[in-house]
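Undergrad: output the structure for:
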Amino acid sequence: MLSAPVLLLAASEVRGIVVDARGGEVLARVRVQLTGTSHQAATDSEGRFSFSDVASGDYTLHVETVGYRLLKRDFSIGADEIKEFQVVLSPDTFRRTDSVEVKADPFELRQAAAPSELNLSDAEIKNLGTVLVDDPVRAVQSLPGVVANNDYYSQFSVYAAPYGTVGLYLDNILLHSPYHTIEGINEAGSISILSGDSMEDLSLMPLAFPARYADRIGSALDVHTREGSRTKPSFRVAASAAQTNVLGEGPLGTAKRGSWMASARKSYAQYIAGRLTDDPSQAFGYLDGQAKITYDLTPRQHLTLSVMDALTNYDHSRAISRVGVNSLIWADYHVTLAHAGWSYAAGSKLLITADGAYMREKYDDQNRDRRPLGAGYYGEWVGNASATWYWSGKNALEAGWSARRMRVDGFEYQYIGTSANVRVADQFRGNAVRQGGYAQQSWSGWKGRLRLATGFRVDGEDLPGPKPVSPHAALGVQLAPATHLELGWGQYVQFPELQVLGSPAGGVRILPERSHHYVASLDQHLSRFTRLHVEAYQRENRDGIARPLLDPRMINGVVMLGPLSPPYYNSVRGYSRGVQVLLQSRSANRLSGWVSYTLGYARNRDGVEHTSYWSDYDQRHTVNTYLSYRITPSVNLSGKWIYGSANPIPGLYRKSADGQYHLTWQRNETRLPAYQRLDLRVNKSFVFDRWKLTLYGELINAANHRNVRFTSFNSADAKTGRANITIQRVFPILPSGGVMLEF
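TA: Predicted structure coming up:
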């Protein structure tokens with residue numbers, strides 16, 4: 001008896017490898033599936049996946065893991081065919097791309113002339129920016145050597161350099177005050193107008209930064225925004241307990257010679273806080289938006305146009321019946337930034353760039369009677385140009401020029417008893433043109449084991465004053481295959497704010513501030529993804545601008561209150577010095593993050609007061625810790641712990657045994673309690689056929705440590721010298737959550 005023939009369907013195989021777009025590292029624990037089938041797997045430790053017994057037909061390959069964009073790829077497969085894929089996943093905040101940016105060393109300096117450089121990856125910016133506000137500048141607060149003990153503010157200090165001496169450069173433009181904030185209230189807060197979803201890279205240079213960075217003596221924070229996707233349009237909507245973000249991006253035209261990206265952000269935390277607390281710092285809300293267009297004029301010429309606009313509103317009218325005539329009730333703060341950039345690659349050895357920008361800041365403060373307490377305007381036109389010539393291999397000669405035309409106008413009023421009795425507490429008006437140029441030569445030898453960079457810049461303005469020259473030098477030596485020595489030195493100049501030059505208390509007699517930087521570091525790679533970094537530093541400042549007679553004090557048993565508008569002086573000089581130890585790991589698959597300890601001392605001397613004192617930003621012991629791990633394809637855990645032994649309370653106060661504060665003659669001798677904050681975060685993703693959902697959960701100050709900030713001096717008893725000051729608690733334990741939808 002003969003049996004019927006058996007029909008066998010030939011099966012095929014689908015296999016491939018998944019890599020990270022930034023660096024090319026293979027990605028383990030990535031979910032890969034063929035939609036509409038039972039074929040689903042997670043990539044192995046080598047980033048590989050495979051599906052056997054796949055019937056011929058049409059399929060969609062879904063590749064996804066938490067922290068990365070969803071990738072969908074349609075394909076067809078025939079009988080007995082093997083289909084291989086190299087899948088490139090882009091991080092959430094990175095532009096969508098099909099190519100890989102290969103990086104041999106995850107800790108490589110982005111600028112060879114910056115011996116003391118710290119940078120944040122896309123995932124680090126996103127996780128450290130907090131779910132609550134998603135602020136990339138707040139991500140910097142967790143970096144080694146950075147101190148930010150006031151939870152309400154995005155600003156920070158670096159190695160005891162106050163934020164006013166830290167330059168924030170966005171796409172080659174030095175920004176002035178890119179924050180949602182309120183002028184004229186000490187207990188307010190701030191949030192940067194930058195969006196974490198649009199960041200491409202972020203580098204902090206604490207000391208000895210290259211000569212191209214102008215007009216700052218503390219540190220340099222270099223931020224670059226990414227361009228939109230050139231592959232296909234995509235959109236995402238994110239909402240948290242404090243705000244909602246909407247972002248869209250996509251290619252320009254069928255040829256995809258450019259891209260577009262636009263986003264908007266709206267805060268509603270003030271409405272929630274208004275029902276929970278009477279804290280004035282919670283009474284402001286914000287709205288901002290940004291757009292960016294990039295276009296390739298030719299294969300060698302690239303054009304960028306971008307605009308940002310941000311509005312902050314303050315409304316404390318619910319307290320109008322309980323406040324005095326000089327209390328701030330309503331306020332607005334408006335920031336606008338427009339930028340145009342052009343680059344031209346003239347062959348393989350010459351790169352030319354040019355940037356133009358306009359920025360504007362306006363504020364208006366009103367009291368309970370809708371009378372002005374203050375108002376101000378700051379405007380600036382900026383022009384930059386630079387050229388980089390790679391005359392031999394990686395040896396480069398760089399030169400550039402910048403010009404800034406600035407204008408400021410404003411006033412501050414104080415009322416005596418009623419709104420009808422007003423006096424001018426301060427007024428300022430002025431304009432200036434500041435220009436500067438720099439040149440820098442980089443050289444490498446000894447088969448790349450020796451790097452040298454030297455340069456200088458010259459700055460000046462159209463007002464009477466010096467035209468200082470600022471030299472810079474950096475040396476890098478590879479002592480062994482895994483051991484690197486970095487040395488850096490530089491001199492820096494920062495011109496006075498126009499508000500100081502245009503005030504009767506200041507004027508053109510005020511000189512620029514100056515600083516000398518010295519840094520030495522040793523970097524030991526323990527593996528490709530782990531390093532031990534030890535750094536010693538010293539910063540020497542002189543001609544610091546201060547108002548030494550402003551603060552109230554007790555002298556010979558008599559309470560002395562400062563004048564309403566004391567003069568400015570170049571009266572302060574001082575130093576900050578210390579050592580830092582950093583253990584860092586950076587991998588898309590392993591435990592990633594850092595643990596750092598910084599020991600620092602910062603002391604000043606005032607030539608007018610003839611006093612020596614610890615700096616306002618002197619914090620002896622600082623610990624910055626951040627750890628992150630992707631435990632499954634859909635779950636990522638991260639946390640940070642920050643400890644600071646505390647800054648002094650700025651002013652002339654002593655604390656008695658009964659806990660009361662009194663005026664004294666010695667500055668900055670009393671400190672706030674130590675600062676500690678533990679934040680925990682979990683990200684969980686869900687994938688559907690056409691979209692991806694990510695849930696964020698965060699617990700800020702999980703240990704509920706009582707951290708406080710000093711906000712103001714209010715009054716003093718003329719007989720006893722007892723001081724009435726405001727010390728306010730910052731974030732308690734604060735749960736927060738958010739959701740992001742990508743499609």
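Undergrad: any regions of the stretch 51-200 of the chain where pLDDT drops low?
TA: Residues of the stretch 51-200 of the chain meeting the criterion pLDDT under 70: 99-105, 108-110, 112, 186.
Undergrad: so which residues of it form helices?
TA: Taking DSSP state H, counting those that start in this stretch, the helices of the stretch 51-200 of the chain run over residues 122-128, 136-140.
Undergrad: please apply the same query to the chain.
TA: Using DSSP state H, the helices of the chain run over residues 122-128, 136-140, 269-273, 498-501.
Undergrad: quick check: domain ranges of this protein?
TA: The chain breaks down into these domains under automatic domain parsing: 12-89, 116-742.
Undergrad: dump those to CSV, plus distance to residue 96 and mean neighbour count.
TA: In short, each C-beta sits where N, CA and C put it, glycine included. Shown next, in CSV, are the domains of the chain (distance: least, CB to CB, whole Å; neighbours: other CB atoms under 10 Å):
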stretch, distance to residue 96, mean neighbour count
domain 12-89, 6, 17
domain 116-742, 4, 18
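Undergrad: now the ones you listed in JSON lines, with distance to residue 98?
TA: Below are these laid out as JSON lines (distance: least, CB to CB, whole Å):
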{"stretch": "domain 12-89", "distance to residue 98": "6"}
{"stretch": "domain 116-742", "distance to residue 98": "6"}
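Undergrad: quick one: closest of the ones you listed to residue 95.
TA: Checking the domains of the chain against residue 95 by CB to CB gives domain 116-742 as the closest, at 4.7 Å.
Undergrad: on that earlier part again, TSV for the helices of the chain, including distance to residue 260?
TA: Converted to TSV, the helices of the chain look like this (distance: least, CB to CB, whole Å):
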stretch	distance to residue 260
helix 122-128	20
helix 136-140	21
helix 269-273	30
helix 498-501	35
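Undergrad: out of these, which comes closest to residue 375?
TA: With CB to CB, the closest approach to residue 375 among these belongs to helix 498-501: 12.8 Å.
Undergrad: report the mean confidence score over that closest one.
TA: Regarding helix 498-501, the rounded mean pLDDT is 90.
Undergrad: same question, stretch 680-697
TA: The average pLDDT for stretch 680-697 rounds to 90.
Undergrad: which residues sit against it?
TA: Contacting residues not belonging to stretch 680-697 are listed as 31, 35, 62, 64-67, 69-70, 92, 127, 131, 240, 634-639, 698-699, 702, 735-743 [CB atoms under 8 Å, 6 or more residues apart in numbering].
Undergrad: tell me which of the helices of the chain sits nearest to residue 526.
TA: Taking the helices of the chain one by one with CB to CB, helix 122-128 is closest: 19.6 Å.
Undergrad: who's in contact with that closest one?
TA: For helix 122-128, the surrounding residues in contact (CB under 8 Å, 6+ apart) are 22, 67, 91-94, 120, 134, 136, 138-139, 141-142, 196, 199, 202, 592-593, 626, 628, 636, 638, 640, 681, 683.
Undergrad: and it, how far from the chain's centre?
TA: Computed by CA atoms, centre = their mean, to the nearest Å, the chain-centroid distance of helix 122-128 equals 11 Å.
Undergrad: what's the answer for stretch 22-39, then?
TA: The chain centroid and the centroid of stretch 22-39 are separated by 32 Å under CA atoms, centre = their mean.
Undergrad: next one: stretch 86-98
TA: Relative to its chain's centre, stretch 86-98 lies at 23 Å (CA atoms, centre = their mean).
Undergrad: what of stretch 400-413?
TA: Its chain's C-alpha centre and that of stretch 400-413 lie 23 Å apart, by CA atoms, centre = their mean.
Undergrad: kindly export it (C-alpha atoms) in PDB.
TA: Provided in PDB are the C-alpha atoms of stretch 400-413 (Å, rounded to 0.1, in the frame of the first residue of the first chain):
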ATOM      1  CA  GLY A 400      38.300  82.700  16.100                       C
ATOM      2  CA  TRP A 401      36.700  86.100  16.800                       C
ATOM      3  CA  SER A 402      33.600  87.200  18.600                       C
ATOM      4  CA  ALA A 403      31.700  90.400  19.100                       C
ATOM      5  CA  ARG A 404      28.800  91.100  21.500                       C
ATOM      6  CA  ARG A 405      26.700  94.300  21.500                       C
ATOM      7  CA  MET A 406      24.800  94.500  24.800                       C
ATOM      8  CA  ARG A 407      22.300  96.900  26.300                       C
ATOM      9  CA  VAL A 408      20.700  97.000  29.800                       C
ATOM     10  CA  ASP A 409      18.100  99.200  31.400                       C
ATOM     11  CA  GLY A 410      16.200  98.900  34.600                       C
ATOM     12  CA  PHE A 411      15.300 100.200  38.100                       C
ATOM     13  CA  GLU A 412      14.300  99.100  41.600                       C
ATOM     14  CA  TYR A 413      11.800 101.000  43.700                       C
END
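Undergrad: narrow the contacts of helix 122-128 to those in strands?
TA: When DSSP state E is applied, the contacts of helix 122-128 are split such that 22, 120, 199, 202, 592-593, 626, 628, 636, 638, 640, 681, 683 fall in strands.
Undergrad: wait, which of these is closest to residue 40?
TA: residue 636 (19.8 Å).
Undergrad: state the pLDDT value of that closest one.
TA: For residue 636, the pLDDT comes out at 94.
Undergrad: wouldn't it be in contact with residue 66 here?
TA: Yes: if you go by CB atoms under 8 Å, residue 636 and residue 66 touch, sitting 4.6 Å apart.
Undergrad: who touches both of these two?
TA: Common contact partners of residue 636 and residue 66 (CB under 8 Å, 6+ apart): 630, 683.
Undergrad: ok so, going back, strands - which of the contacts of stretch 680-697 land there?
TA: 31, 62, 64, 240, 635-639, 698-699, 735-742.
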